[in-house]
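Trainee: Structure of the sequence below:
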Amino acid sequence: MAVEIAGGLRRGLISPSVVDTARGTRRVAREERQARAGGASGGPRQRGIFEPALLRGALGPAVRKMSPRQLAKNPVMFVVEVAAALVTLVLVSDFLGLSTAAPGEVGRSVGFELQIAIWLWFTVYFATFAEALAEARGKAQAASLRKTRSETLAHRRLPDGTLEDVGSSALCSGDIVVVRDGETIPGDGDVIEGVAYVNEAVITGESAPVLKEPGTDIRSTVTGGTTLVSDTLTVRITANPGETFLDRMIALVEGAKRQRTPNEIALSILLSGLTLVFLLATATLRPFGLYAGAPLGIVVLVALLVCLIPTTIGGLLSAIGIAGMDRVARFNVLAMSGRAVEAAGDVDVILLDKTGTITYGNRLASRIVPLPGVTEREAVEAALLTSLADDTPEGRSIVELARRRLEELGERKKPRVARSTVAPAGPVVGKPPSVAEVIPFSAESRTSGVILADGTVVLKGAVDAIRAALDGEIPPELATLSDEIAGLGATPLAIRRDGRALGVIELKDTVKPGLRQRFDELRRMGIRTVMVTGDNPLTARTIAEEAGVDDFMAQAKPEDKIARIRAEQAAGHLVAMTGDGTNDAPAVAQADVGLAMNSGTSACKEAANMVDLDSDPTKLIEVVAIGKQLLITRGAITTFSIANDVAKYFAILPAMFAVAYPALNQLNVMGLANPQSAILSAVVFNALVIIALVPLSLRGVAYRAAPAAELLRRNLLIYGVGGMVAPFLGIKAIDLLITAVHLA
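Mentor: This next block holds a predicted model:
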């Protein structure tokens, strides 16, 4: 429990210590603006969880959830429902004269029994209403998402190359479709031909079109429901009907696919155990009462039982879990299960990819420096050759820089190889020197380049990888120059022709502003950050120091990432990681929380247990905060639920035994009017506190980035001490009202 009480950074912190996880992304903000605009002409304003439409929509489902078959999944509230039914039977029996009260029995009157029965049924209804309201919020969000999912026309390519028009619901994984300018993309898939811009506002809320092209880890996937705004794309469908990201997101926010998490199940078992203990304790009071000459009726015993068992957290447990999933969905994160959200709250190590997360990820070539004995033209020409078939931003920037520099050097006849003539293998047509084969980049070799028609190998890549393939003595200037570039926080790429080093390419990137403050927040939360990069150790150290991370991994290969994650897990840590490429998939699958980018490859998204539809790697920090807020909220309400039982002891126990033991009146510290009023006040407070805590359970406890011990002290003070004090005030106020209107 202490972990949950102690266990959310929103993009753009309001203050250095307060975390707001309630707002969500641009898509959610846009929907809220549209809703407000729709109601501007006299319509009601949106009121969050108290929006009238949501409240009305939860009334009916709450009644249906009172079915014993459904309520049996919640043992605490099932016991309350059985107790309410038992009191109702006693009421009917007494009303019809089928049973009579024993001499001196407390609370055996039809009016008192009627009020107890009503408030016990209200207790059950308030609990089911909280769950129904949480689901109503998700269903409202799902309705807005469902509007973006409609039956669209798809041009499916047949094996003979012709196109047939079919509905998007007829598409299956593996189908190839052609999407033209202005058309809606019919399903999730990978771009295999064409370069075009796609408007993803229905998913991300960002109106700026996004470039899509084949062969990349971050721009080759498209989402069904988005709109093509230029050119033509050929897409291979990767999802069957009903299995797209929109379909899965709708099912999750509606709660249709929500399964109870391990922590939720464990807490439910604990609450069931407490309920059983209190049930046995209450059952033994009747013979004690008979022996003491103070017979205790079934209604009084039932009232005591319901007030002692943890009905508050029992009634709100499902609502807290559903609301946690809703908060994640509002940030456009598709969590495959509530377990992933909970695991995020327990994470204490985060592996962050440098490119795109810590830096902007737009590394651009800034200069090409030749080594001694090599002309600048020779080095620039080699750099151009190695990058002509490189479609990455870095590769294109090298081509642009090299061509510009050759023009400046007065080179009139530049080596040109049309990109359309470059193939992965076999000879190509082009100006000499002609390219025979393209060597694509791989995480293992960390190099890329070409093999010319005469067999010459021209490569660029990581300095140590190039250095290992050089013939003879390694030029000392290569290490000096690469260290100089790395010391500036840039990335050096070495160039070689066969076994001879020619020079170094400098790639510059920029660290995102404000990250040091965010990492300081994580450090106060007890979370250690590790930067993962393929750069050399000197570059990695420079960027790590500038960003303020706790540790870094340099020259990391896919197997190195997995090994680091396993080592952290073996030491008892929970690890979170982001990824977007196929080479990230094994590590993302190994991590306890794997957040894949929606713009990434299908392999990475399948391996992850969360997918960010905005493709923002820094959102992992916010996901961790939401998970912690979920755990804190559940722990805080559990603490409050158990703590507020103390006041009920002082209300009900003196009322039950005051006749036989007048000295127990000294325990009536609240000065309650009479035994019936005391018992009824406790039952009423027990019901009302559930509905009073519904906003807290749905919005979550305010989260501050602070050490666990500080959060524990704060929440124990607020929800522990507060949970003990509030019932004394509440029960006394209800007692005064009941006495004033002569209800008891």
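Trainee: Distance-wise, check residue 575 relative to residue 634.
Mentor: As judged by CB to CB, to the nearest Å, residue 575 and residue 634 stand 22 Å apart. Bear in mind the C-beta positions are built from the backbone N, C-alpha and C, glycine included.
Trainee: make that residue 582, sorry
Mentor: 37 Å.
Trainee: Looking at those two, which one has more neighbours?
Mentor: Neighbours were counted for residue 582 and for residue 634 using other CB atoms under 10 Å; residue 634 has more, 29 against 16.
Trainee: List the contacts of the host helix or strand of residue 596.
Mentor: Residue 596 is part of strand 593-597 when elements are defined by DSSP states H and E. The contact list for strand 593-597 (CB atoms under 8 Å, 6 or more residues apart in numbering) reads 218, 333, 340, 343-344, 347, 574-580, 584, 587-588, 604-605, 607-612, 615-617, 619-620, 623-624, 627.
Trainee: again, but for stretch 373-384
Mentor: Contacts to stretch 373-384, defined as CB under 8 Å, 6+ apart, come from residues 365, 368-371, 398-399, 401-403, 405-406, 409, 411, 414-415, 458, 460, 495, 497, 502-503, 505.
Trainee: I'd like the average pLDDT over the strand ranked longest in the chain.
Mentor: Using DSSP state E, we find that the single longest strand of the chain is strand 500-508. On average, the pLDDT along strand 500-508 is 89.
Trainee: after that strand comes which helix or strand?
Mentor: Note on strand 500-508: by DSSP H and E, the next helix or strand toward the C-terminus is helix 515-524.
Trainee: Quick check: buried residues in that following helix?
Mentor: For helix 515-524, the neighbour count (16 or more other CB atoms under 10 Å) marks 515, 518-519, 521-524 as buried.
Trainee: same deal with stretch 448-465?
Mentor: Neighbour-count burial for stretch 448-465 flags 448-452, 457-463, 465 (criterion: 16+ other CB under 10 Å).
Trainee: Arrange these in TSV, one row each, with secondary structure and distance to residue 389 as further columns.
Mentor: Formatted as TSV, these follow (DSSP: H, G, I helix; E, B strand; the rest coil; distance: CB to CB, whole Å):
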residue	secondary structure	distance to residue 389
448	strand	8
449	strand	9
450	strand	7
451	strand	11
452	strand	13
457	strand	14
458	strand	12
459	strand	12
460	strand	12
461	strand	14
462	strand	19
463	helix	22
465	helix	19
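Trainee: strands paired with the strand holding residue 596, and their directions?
Mentor: As defined by DSSP bridges, the strand partners of strand 593-597 come to strand 575-579 (parallel), strand 610-612 (parallel).
Trainee: Of all these, which one comes closest to residue 286?
Mentor: Across those, residue 286 has its closest neighbour in strand 610-612 (52.2 Å, CB to CB).
Trainee: re earlier: would you turn the buried residues of stretch 448-465 into a markdown table with distance to residue 475?
Mentor: Below are these laid out as a markdown table (distance: CB to CB, whole Å):
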| residue | distance to residue 475 |
| --- | --- |
| 448 | 22 |
| 449 | 19 |
| 450 | 23 |
| 451 | 23 |
| 452 | 23 |
| 457 | 18 |
| 458 | 17 |
| 459 | 16 |
| 460 | 16 |
| 461 | 16 |
| 462 | 16 |
| 463 | 12 |
| 465 | 16 |
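Trainee: just these now: which is nearest residue 509?
Mentor: Within the buried residues of stretch 448-465, the smallest distance to residue 509 is 15.3 Å, found for residue 462 (CB to CB).
Trainee: The closest one reaches residue 496, doesn't it?
Mentor: No. Contact status for residue 462 versus residue 496: not in contact, 11.7 Å apart, counting by CB atoms under 8 Å.
Trainee: what's the next secondary structure element after the host helix or strand of residue 383?
Mentor: Counting by DSSP H and E, the element that carries residue 383 is helix 376-387. Using DSSP H and E, the helix or strand that follows helix 376-387 towards the C-terminus is helix 393-408.
Trainee: and residue 331, what are its phi and psi?
Mentor: phi -90, psi 20 (degrees, to the nearest 10).
Trainee: wouldn't it be in contact with residue 624 here?
Mentor: No. Between residue 331 and residue 624 there is no contact under CB under 8 Å: 11.7 Å.
Trainee: re earlier: any idea of the mean pLDDT in the strand holding residue 596?
Mentor: Mean per-residue pLDDT for strand 593-597: 85.
Trainee: how far does it sit from the chain's center?
Mentor: Between the centre of strand 593-597 and the centre of its chain there are 9 Å (CA atoms, centre = their mean, to the nearest Å).
Trainee: Any buried residues in the following helix or strand past that strand, and which?
Mentor: Downstream of strand 593-597, the next assigned helix or strand under DSSP H and E is helix 602-607. Residues of helix 602-607 classed as buried: 602-605, 607 (neighbour count, 16+ other CB under 10 Å).
Trainee: any idea which helix is longest in this protein?
Mentor: Longest helix in the chain by number of residues, with DSSP state H as the criterion: helix 110-148.
Trainee: Apart from its chain neighbours, what residue comes closest to residue 670?
Mentor: In space, residue 670 comes closest to residue 732 once its chain neighbours are excluded; the distance is 4.7 Å by CB to CB, 6 or more residues apart in numbering.
Trainee: ok, that neighbour touching residue 668?
Mentor: No. Counting by CB under 8 Å, residue 668 is not a contact partner of residue 732; they are 10.8 Å apart.
Trainee: Torsion angles phi and psi at residue 166?
Mentor: The phi and psi values for residue 166, taken as degrees, to the nearest 10, are phi -140, psi 160.
Trainee: Next, find the distance separating it from residue 306.
Mentor: From residue 166 across to residue 306, the span is 58 Å (CB to CB).
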